[in-house]
Each structure stands twice: as structure tokens, then as C-alpha cells.
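J.: pasting the structure only:
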Ligand SMILES: Cc1cc2nc3c(=O)[nH]c(=O)nc-3n(C[C@H](O)[C@H](O)[C@H](O)COP(=O)(O)O)c2cc1C
């Protein structure tokens, strides 16, 4: 049987063995931005999932761009060396054809926060908080840090930080870069009218609001022409007066024009007032809307955790890839299980080959 989920795809010149991606997932376990032993086990685990595309967690381009004290960064030589060491180890055990990328980001007004398991709110006095930055001096919610609105010089410096981190990502050995313009982090804060009240060329019209993300894409592509560069966007804010799906589609088109090779279509994250109707595949329609408006591959994400559901999304041409986050945390062998469910044989490491008959039994395929 052929399954579209296990068909290869080439994105920006980079070939992926199947349509399954590990979605980026913050682990809040770094040491001043550097990957730790936790990352070593996590990246090696991702390498063996069988997902063709592995996107490492939100990795910040400057120290003050971290969500928490535990967030990963690529802003120092030490960060770069730790990422390289960790990635090299993951590559040595990876399933054939696995491609590794890193999500470059800046948290903006959602920086200086506690780790989720410490509460997740803004850092308090005594917890080493720092001054956050954003498009405008609008806090994420009541009681959150009021960000400092970025000056023209700071905006240009930020583009430079993305370029520097892209060089570090290339030297560390990543295959691709994903620019994080979703989930209410800095680039989304510029894109959304909820958080961008600027009157200069970085605010106002949608064209102006998406300028920062577009300039970063162009600068990064220019800096690392041999790397594939994609982006993740929030297609809608799910808030009255926020970014609409129609505008989200325009953001996608602007980023395609700037040169991204793929778009991952997520949503929300920029307001506590968001009203999201969640459920299986609740964001797939957003990927579909973007797919109809661009020519580059589109990745769907959000409560995709069933092999047949994932297969249908690809076979019905609603998206070109699916990204899984929580399903991979729960079952790092999800892609193997999906292959067994869909009757596809995938090559596994010989050390693990004796597990496949049991996997088939569990999914009722034998
Ligand atoms: C533990 C955890 C960490 C996450 N960290 C990130 C991140 O670093 N960058 C990002 O874009 N999304 C992040 N997300 C969101 C996921 O990538 C994904 O979009 C979301 O969980 C919906 O997919 P799912 O239903 O398959 O979990 C995170 C999600 C989880 C559960």
C-alpha cells in the first residue's frame, strides 16, 4: 500500500523522506541558552522517531529574547558549541534521511517569564527579571511586564541578531531554519494590530506590520544561502480586532515573497482574550486557506495525533506536511506506529528492528 504520509517531499532543495515533522517544543532546560543533557536525550529521541523533519525548539537570537531563564539560545559561542555537540550526537543515531532544523525566535513582550512548571507568569522581583521589548508599550496581559517599544536602531540590531544566529545554526550543522513569527512572540507582536500601535514604517498597515518578519527572512536567506529557510505563523489571533484569517493569508503571501521555502500554519498566542475552538485538526483549515494562496509547501499542526487523520490531510491536499508536538512527547515512536497502521514498511535502525512485529500487532495490522 502507498501512503501519502510516507511519500518524500523536497522543500527549498532539501529532501525529506516523509511528510511527518516533529513540531518545535521548548524544553525550558537550557543553561544560559546552551543545550543541556536534557536536550541530548531529547534530540537523540527525536532522531529516532522516524519523522522526516525535526524542528528544534524556539531558540532565541539574544539573551533578552528568551521566554525564561531555561530557554535555548544561539547568541553565544558556548550556545553554538553546545548545539553542535548535541546535534552531532543526534545525527549519529538518526533514522535515515532525517533532517534537523532550528526555530529562531525572540519572545519580545512574552520574555522574562517563569518556566511553565514554576507558574509561567512574568518573573517577579528576586527571580532575576529583565526589561522586555516589543513593537509598542503594550503588555501581553494585566500584570505582565510593560515592554519597551523598540527604536529604529534596536530593530536593525535585531535583524543583525537573527543573521548572527543563522550563521551559528549553519556552523552547528542544522539543515534548515524556521523563523518563528507565531504564538505571540516578537515577530507576531509586530504583525498583530493588538500589539503593534506604531505610526512609523514598522506599524499601521499590514504591509508595514509584516515588514520586520519579511526583512528578517530576507536577511537570513542572504546570510546563509545554502540553508533552507521556512517560517511559522499564527494565521489568526482568534480575537475581535486582531489578525483575521484573510490577513493571515496575506502575511503568508508576504513571507513567500520574502523567500521562505515553507510555511507552518498555527494560530493564536498573542492575547489572553483569544477564543479558540479546539478539537482534532482544529488548525488544518488555516493551513488549507494558506495553501490555496501560496505556491510553497505548507505544514499543518494542532491536534493531529491519528495516523489515518494525518494521511487524509496529506492525501486530500489540505497540507503538504503535518507537524506533531504532544503526540511525539507521548509516543516518540508515533511515526513507526503510523507506518504500521497504514501498512508501510519503514527502515529502522537494525538494533530496533525486532520491535516492528509487536508494533504491527498493537495497531491490529498483523
Ligand atoms: C511542551 C511544548 C513546547 C512548545 N514549544 C514550542 C516552541 O518552541 N515553538 C513553537 O512554535 N511552538 C511550540 N509549541 C507548540 C507546538 O509546536 C504545537 O504547535 C502545539 O502544541 C499544537 O500541536 P499538538 O496538538 O500536536 O501538540 C510547544 C508545545 C508544547 C506542548
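T.: Great, that's in hand. Source: prediction; values computed, not measured.

J.: just checking, residue 335 touches residue 348?
T.: No. If you go by Cβ atoms under 8 Å, residue 335 and residue 348 don't touch, sitting 10.3 Å apart. Heads up, the C-betas are built off the backbone N, CA and C, glycines and all.

J.: residue 198 contacts residue 137, doesn't it?
T.: No. Counting by Cβ under 8 Å, residue 198 stays clear of residue 137, with 10.5 Å between them.

J.: now list whatever residues contact both of those two.
T.: residue 149 (Cβ atoms under 8 Å, 6 or more residues apart in numbering).

J.: counting neighbours, what do you get for the residue in the stretch 51-200 of the chain that the ligand sits nearest to?
T.: In the stretch 51-200 of the chain, no residue comes nearer to the ligand than residue 58, which is 3.3 Å away by Cβ to the nearest ligand atom. By other Cβ atoms under 10 Å, the residues close to residue 58 number 27.

J.: I'd assumed it was in a helix, is it?
T.: No. In this structure, residue 58 is strand, not part of a helix, as judged by DSSP: H, G, I helix; E, B strand; the rest coil.

J.: and the pLDDT for residue 1?
T.: Predicted confidence (pLDDT) for residue 1: 57.

J.: so which residues on the stretch 101-250 of the chain come close to the ligand?
T.: By the rule Cβ under 6 Å from any ligand atom, the part of the stretch 101-250 of the chain lying against the ligand is 103, 180, 182, 183, 232.

J.: pull the most distant pair out of the residues you listed.
T.: 103 and 183 (10.5 Å; Cβ to Cβ).

J.: now do the strands in this structure.
T.: For the chain, applying DSSP state E gives strands covering 9-11, 14-16, 20-22, 53-60, 72-73, 99-105, 133-134, 148-149, 176-181, 228-234, 263-266, 298-301, 321-324.

J.: closest one to residue 112 among the ones you listed?
T.: Closest approach to residue 112 among those (Cβ to Cβ): strand 133-134, 10.2 Å.

J.: residues contacting residue 16?
T.: The contact partners of residue 16, by Cβ under 8 Å, 6+ apart, come to 8, 9, 10, 52, 53, 97, 99, 321.

J.: hmm, back to that, shared neighbours of residue 335 and residue 348, anything?
T.: The contact lists of residue 335 and residue 348 share residue 50, where a contact means Cβ under 8 Å, 6+ apart.

J.: between those two, which is the more surrounded one?
T.: Just comparing residue 335 and residue 348: by other Cβ under 10 Å the higher neighbour count belongs to residue 335, 29 against 19.

J.: any idea how many residues pack against the nearest residue to that one once chain neighbours are set aside?
T.: In this structure, residue 335 finds its nearest non-sequential neighbour in residue 50, 3.6 Å apart by Cβ to Cβ, 6 or more residues apart in numbering. The local packing of residue 50 (other Cβ under 10 Å) involves 27 other residues.

J.: pull the number of nearby residues for residue 366.
T.: 11.

J.: that one against residue 358, yeah?
T.: No. Using Cβ under 8 Å, residue 366 makes no contact with residue 358, being 9.0 Å away.

J.: return the distance of residue 237 relative to the ligand.
T.: Per Cβ to the nearest ligand atom, to the nearest Å, residue 237 is found 15 Å from the ligand.

J.: show me the shaky parts of this protein.
T.: Counting by pLDDT under 70, the chain has low-confidence residues at 1.

J.: again, 50 this time
T.: Within the chain, no range satisfies pLDDT under 50.

J.: where along the stretch 1-150 of the chain do the helices fall?
T.: 37-47, 77-93 (DSSP state H, counting those that start in this stretch).

J.: tabulate the ones you listed (JSON lines), appending distance to the ligand and mean neighbour count.
T.: Shown next, in JSON lines, are the helices of the stretch 1-150 of the chain (distance: least, Cβ to the nearest ligand atom, whole Å; neighbours: other Cβ atoms under 10 Å):
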{"stretch": "helix 37-47", "distance to the ligand": "11", "mean neighbour count": "19"}
{"stretch": "helix 77-93", "distance to the ligand": "15", "mean neighbour count": "18"}
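
J.: just send these back as a markdown table, with distance to residue 312 too.
T.: Below are the helices of the stretch 1-150 of the chain laid out as a markdown table (distance: least, Cβ to Cβ, whole Å):
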| stretch | distance to residue 312 |
| --- | --- |
| helix 37-47 | 25 |
| helix 77-93 | 30 |
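
J.: so what's the residue nearest to residue 335 up against?
T.: By Cβ under 8 Å, 6+ apart, residue 50 lies in contact with 18, 20, 95, 333, 335, 336, 339, 346, 348.

J.: quick check, nearest of these to the ligand?
T.: Nearest to the ligand out of the contacts of residue 50 is residue 20 (Cβ to the nearest ligand atom; 11.3 Å).

J.: so what's that closest one up against?
T.: Residue 20 touches 5, 50, 51, 52, 53, 310, 321, 322, 324, 334, 335, 338, counting by Cβ under 8 Å, 6+ apart.

J.: hang on, the earlier thing: if the residue of the stretch 51-200 of the chain closest to the ligand is in a bridge, with which residues?
T.: In this entry, residue 58 is beta-bridged to residue 103, by DSSP bridges.

J.: surely it is in contact with residue 103?
T.: Yes. Applying Cβ under 8 Å as the test, residue 58 and residue 103 come out as touching, 5.2 Å apart.

J.: doesn't residue 170 make contact with residue 87?
T.: No. With contact defined as Cβ under 8 Å, residue 87 and residue 170 do not form a contacting pair (11.6 Å).
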